[in-house]
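Asker: no FASTA, just this:
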């Protein structure tokens, strides 16, 4: 997470991102889908809802390009603009609240009164001076559901997240070994975690996202864990090309699969795990050995 420190100065001052910046346009796109269910079926892994689509960076990015071109053509004076979809050195949640899109909840994510927790944020930084919108105020009240729901107790208190404990960080951003003491709490999650988002009462206002709907990848909701362990590098790339899941890379995803099998798998997973324990990637191999030990321990206990 050192990139946060490297770009701290730019995050504080948009003018250091785009010289002469006068405005930040913040946008939200819903990725909520009606009737989504989380699988507790033994041997299957769960993917965070936002990753069950084609890569949102590409989908939303194309729309931002069109909006930016339209906006730049509205005035005769030259306008310079930059757009970002979860990629630039910008405090996007802070700007989203200041723009009135939503408020930062106690889980540190943005909550929209109209769309709930299920939103992608994006921004256009521009030299065009625009009238600011009214900022949103926090509406969490006394609710503590998100804090109570976190499996790893990563939310240390209202608006205080220890990202090093967050399952989304552990399964996506972290490279190398997942600390053993945190592995049981990951359950059967193999890419991200939605627990703090799911329990939020504001989700009663969530609406299905029309922009992302046509880019849904149904097969990414839940997946057979043992089958995933058979993926070599080429099969991994072919399977997940154009989706957010490529971010974890083969090493990270199969590491996560081993942890999930260690938590929810049974003896039927042992042949695949035994092969994974011989993988040339030591991160995968070590987590496979851990999973074998966990399953064998459960078998011995009956």
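Answerer: Thanks, I have the structure now. Note that the structure is a prediction, hence the values are computed from the model and not measured.
Asker: mind listing what's buried along stretch 128-147?
Answerer: For stretch 128-147, burial by neighbour count (16 or more other C-beta atoms under 10 Å) applies to 128, 136, 140, 143, 145-147. All C-beta spots, glycine's among them, are computed from the backbone N, C-alpha and C.
Asker: can you classify residue 29 as helix, strand or coil?
Answerer: strand (DSSP: H, G, I helix; E, B strand; the rest coil).
Asker: what is the burial count for it?
Answerer: 19 (other C-beta atoms under 10 Å).
Asker: how far does the helix or strand residue 255 falls within sit from the chain's center?
Answerer: Here residue 255 sits within helix 249-264, counting by DSSP states H and E. How far helix 249-264 lies from its chain's middle: 17 Å, per C-alpha atoms, centre = their mean, to the nearest Å.
Asker: before we move on, what about stretch 49-56?
Answerer: With C-alpha atoms, centre = their mean, you get 9 Å for stretch 49-56.
Asker: list the contacts of it.
Answerer: Contact with stretch 49-56 is made by 29, 31-33, 36, 59, 85-86, 118, 120, 191-192, 194, 212, 215-218, 220-221, 242-246, as judged by C-beta atoms under 8 Å, 6 or more residues apart in numbering.
Asker: re the thing from before, quick one: which of the buried residues of stretch 128-147 is nearest residue 98?
Answerer: residue 136 (8.1 Å; C-beta to C-beta).
Asker: I'd assumed that closest one was in a helix, is it?
Answerer: No - with three-state DSSP as the criterion, residue 136 is assigned coil and is not in a helix.
Asker: now do stretch 156-164, average pLDDT.
Answerer: Averaged over stretch 156-164, pLDDT sits at 97.
Asker: ramachandran angles for residue 180?
Answerer: phi -60, psi -40 (degrees, to the nearest 10).
Asker: look up how far residue 288 lies from it.
Answerer: 14 Å (C-beta to C-beta, to the nearest Å).
Asker: and these two? Which one has more around it.
Answerer: residue 288 (28 against 11).
Asker: now do the same for the more buried one: its pLDDT.
Answerer: 98.
Asker: that one should be in a strand, yeah?
Answerer: No - under the criterion used here (three-state DSSP), residue 288 is helix, not part of a strand.
Asker: going forward, begin numbering at 794 instead of 1
Answerer: All right, first residue 794 from here; so that's residue 1081.
Asker: for it, what are its contacts?
Answerer: 1022, 1051, 1066-1067, 1069-1070, 1072.
Asker: ok, residue 1032 - how many residues close by?
Answerer: Quick note: residue 1032 (other C-beta under 10 Å) scores 17 neighbours.
Asker: picking up where we left off before, so which of the contacts of residue 1081 sit within strands?
Answerer: In strands, judged by DSSP state E, none of the contacts of residue 1081 are found.
Asker: redo the residues you listed as TSV? Include pLDDT.
Answerer: Shown next, in TSV, are the contacts of residue 1081 (pLDDT from 0 to 100):
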residue	pLDDT
1022	96
1051	98
1066	98
1067	98
1069	98
1070	98
1072	97
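Asker: quick check: closest non-adjacent residue to residue 1070.
Answerer: residue 1081 (4.2 Å; C-beta to C-beta, 6 or more residues apart in numbering).
Asker: how much space is there between the one you found and residue 873?
Answerer: Distance from residue 1081 to residue 873, by C-beta to C-beta: 51 Å.
Asker: ok, residue 849 next?
Answerer: Distance, residue 849 to residue 873, using C-beta to C-beta: 25 Å.
Asker: more crowded one of those two?
Answerer: residue 849 (22 against 13).
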